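[1] here you go, sequence then predicted model.
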Amino acid sequence: IRDVAVTGVQTCALPISHSSVSLVPPVTYQGGKQRVAEQILDHMDFSETDTFVDVCCGSGAISLALLNRGYRPTDITMIDAGPWGAVWASIGAGTFSMTEFCDWINRVPTDPERIQGFLKELSQSPETVGNVYVFLLLQAGSFGGKAIWVGDNAWKNITFRNYWKPTQTSNRQSVVNPMMPMPKTMYERMAPIIDRAGGVRGIHGDAIAVNISNTSLVYIDPPYTKTTKYGHTLDVNVMSKRGRRCYVSEGRPLSDKNVLISSDRKKGGISGERKVAHVEYLSCMERN
């Protein structure tokens with residue numbers, strides 16, 4: 001991988017034990033469920049189920065919230081066809097190296113105005129394609145948190161945030177960093193995940209092809225209708241018939257058994273206001 005000239009780099013140290021730290025996703029991700037994970041879990045019926053299957057798990061907000069509640073990692077399966085699947089597979093198998101992750105973080109410029117250019121160059125290097133550590137850096141810098149994936153041996157859907165400063169007339173009066181979170185915080189979030197998520201069954205591939213026990217509780221968080229796609233598709237109707245019961249998140253009800261998880265969330269974005277209020281439902285899909 002060619003070197004990127006920088007005037008300063010991040011610094012991180014190897015982690016200590018984080019057994020009491022609340023687990024949160026390592027980076028911001030479009031459609032991630034960190035804000036509503038507890039609500040979603042509260043509405044799930046775990047009776048007569050012995051394992052949890054997180055389909056299109058992405059940044060892992062639901063599974064991490066479940067681990068925070070004391071659920072055993074060995075009873076959790078996390079499936080994603082995109083690079084997130086490779087991240088969770090490596091964490092579950094114990095092959096994710098915090099030392100190597102630290103090495104990559106230390107390449108990121110400390111000057112926030114140089115980070116966007118660094119990420120652009122990093123994303124164009126063929127040697128980085130599929131690298132889970134590079135993916136986390138790129139995803140943290142993705143504009144709007146949009147999903148980054150791999151296709152034709154290249155990173156896809158790559159547009160990166162710039163460092164933004166408010167003017168006197170800006171609605172928002174705080175800066176917008178080029179990575180969310182910034183590298184040091186990302187490292188601090190990942191360290192306790194490595195400590196406590198080892199043993200999860202992480203799968204990088206098509207969920208339809210995965211053997212799922214008929215005593216499992218299945219949760220699906222597919223790309224919402226009329227939203228940016230993730231570089232792969234999933235037949236929710238087929239997947240919803242797996243396990244003992246299945247719950248699906250969407251921007252509309254998918255069954256008579258549904259609950260409105262959130263609505264009228266208008267804050268966010270560079271301006272501080274969203275153009276469209278965000279609405280999402282959790283639907284319980286009955287098996288035929």
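    Looks like it came in fine. This one's a predicted model, so the numbers in the text were calculated from it and none came from an experiment.

[2] all the strands of the stretch 101-250 of the chain, residue numbers only.
    149-151, 154-156, 201-204, 216-220, 245-250 (DSSP state E, counting those that start in this stretch).

[3] tell me who's in contact with the closest residue to Glu100 other than its chain neighbours.
    Leaving aside its chain neighbours, Glu100 sits nearest to Tyr133 (5.9 Å; criterion: Cβ to Cβ, 6 or more residues apart in numbering). Placement of C-beta: from N, CA and C, glycine included. Contacts for Tyr133 were tallied using Cβ atoms under 8 Å, 6 or more residues apart in numbering; they are 100-101, 103-104.

[4] I'd like the distance between Tyr133 and Thr99.
    From Tyr133 over to Thr99 the distance is 10 Å, taken as Cβ to Cβ, to the nearest Å.

[5] again with Lys241
    Lys241 is 43 Å from Thr99, by Cβ to Cβ.

[6] what residue ranges in the stretch 151-288 of the chain score low on pLDDT?
    225-231, 263-277, 287-288 (pLDDT under 70).

[7] for it, just list every one of the helices.
    183-197, 236-239 (DSSP state H, counting those that start in this stretch).

[8] for the ones you listed, which one ends up most surrounded?
    helix 183-197 (a mean of 20; mean count of other Cβ atoms under 10 Å).

[9] just the CA trace of that one, in PDB.
    The C-alpha trace of helix 183-197 is given here as PDB (Å, rounded to 0.1, in the frame of the first residue of the first chain):
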ATOM      1  CA  PRO A 183     -10.300   7.700  15.100                       C
ATOM      2  CA  LYS A 184      -9.400   7.700  18.800                       C
ATOM      3  CA  THR A 185     -13.000   7.300  19.800                       C
ATOM      4  CA  MET A 186     -13.500   4.600  17.200                       C
ATOM      5  CA  TYR A 187     -10.600   2.700  18.700                       C
ATOM      6  CA  GLU A 188     -12.000   3.200  22.300                       C
ATOM      7  CA  ARG A 189     -15.400   1.800  21.100                       C
ATOM      8  CA  MET A 190     -13.900  -1.200  19.400                       C
ATOM      9  CA  ALA A 191     -11.700  -2.300  22.400                       C
ATOM     10  CA  PRO A 192     -14.600  -3.400  24.700                       C
ATOM     11  CA  ILE A 193     -16.300  -5.000  21.700                       C
ATOM     12  CA  ILE A 194     -13.300  -7.200  21.200                       C
ATOM     13  CA  ASP A 195     -13.300  -8.000  24.900                       C
ATOM     14  CA  ARG A 196     -16.900  -9.100  25.100                       C
ATOM     15  CA  ALA A 197     -18.200 -10.100  21.600                       C
END
